[in-house]
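Engineer: Quick one: sequence and predicted model below, then my questions.
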Amino acid sequence: MPQGTIRSYDASSGTGSLLDDDLVELRFDAGAMRASGLRELRIGQRVRFTVTGEDDARSVATLNIVSL
């Protein structure tokens, strides 16, 4: 499962973006947050994620917080 870092997050809409470890920005919507069972995220937080779609239509499907 790929990993990345939260780049932006809007708590009121549940949307945001992350940078994967190859520095590619991927967006996620409130559906990804609901599917993940997460309530909030912090900018700079490390996450694992799954992706749907291909090329420019890729988006984040689920997120999991990486813990030490």
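Structural biologist: In hand now; what should we look at? Small disclaimer: the values here were computed from a predicted structure and weren't measured.

Engineer: Identify the residues contacting stretch 11-24?
Structural biologist: For stretch 11-24, the surrounding residues in contact (CB atoms under 8 Å, 6 or more residues apart in numbering) are 2-10, 25-30, 33-34, 40-41, 47, 49, 60, 63. To be clear about C-beta, it is placed using only N, CA and C from the backbone, and glycine gets the same treatment.

Engineer: What subset of the residues you listed is buried?
Structural biologist: 4, 6, 9, 26, 28, 33, 41, 47, 49, 60, 63 (16 or more other CB atoms under 10 Å).

Engineer: which one is the fifth one nearest to, not counting chain neighbours?
Structural biologist: With CB to CB, 6 or more residues apart in numbering as the measure, residue 60 is the residue that lies nearest to residue 28, at 3.7 Å, once sequence neighbours are left out.

Engineer: how close does that neighbour get to residue 12?
Structural biologist: Residue 60 sits at a distance of 18 Å from residue 12 (criterion: CB to CB, to the nearest Å).

Engineer: and what of residue 40?
Structural biologist: For residue 40 relative to residue 12 (CB to CB), the value is 11 Å.

Engineer: Then residue 36?
Structural biologist: Taken as CB to CB, the span from residue 36 to residue 12 is 18 Å.

Engineer: Have a look at these two and say which one is more surrounded.
Structural biologist: Neighbours were counted for residue 36 and for residue 12 using other CB atoms under 10 Å; residue 36 has more, 19 against 5.

Engineer: show me what contacts the closest residue to that one other than its chain neighbours?
Structural biologist: Distances taken as CB to CB, 6+ apart put residue 63 closest to residue 36, at 4.5 Å, once the chain neighbours are dropped. The contact partners of residue 63, by CB under 8 Å, 6+ apart, come to 18, 28, 32, 33, 36, 38, 41, 47, 48, 49.

Engineer: How far does the helix or strand that contains the residue nearest to residue 28 sit from its chain's centre?
Structural biologist: For residue 60, the host element (DSSP states H and E) is strand 59-65. Distance of strand 59-65 from its chain centroid, counting by CA atoms, centre = their mean, to the nearest Å, is 5 Å.
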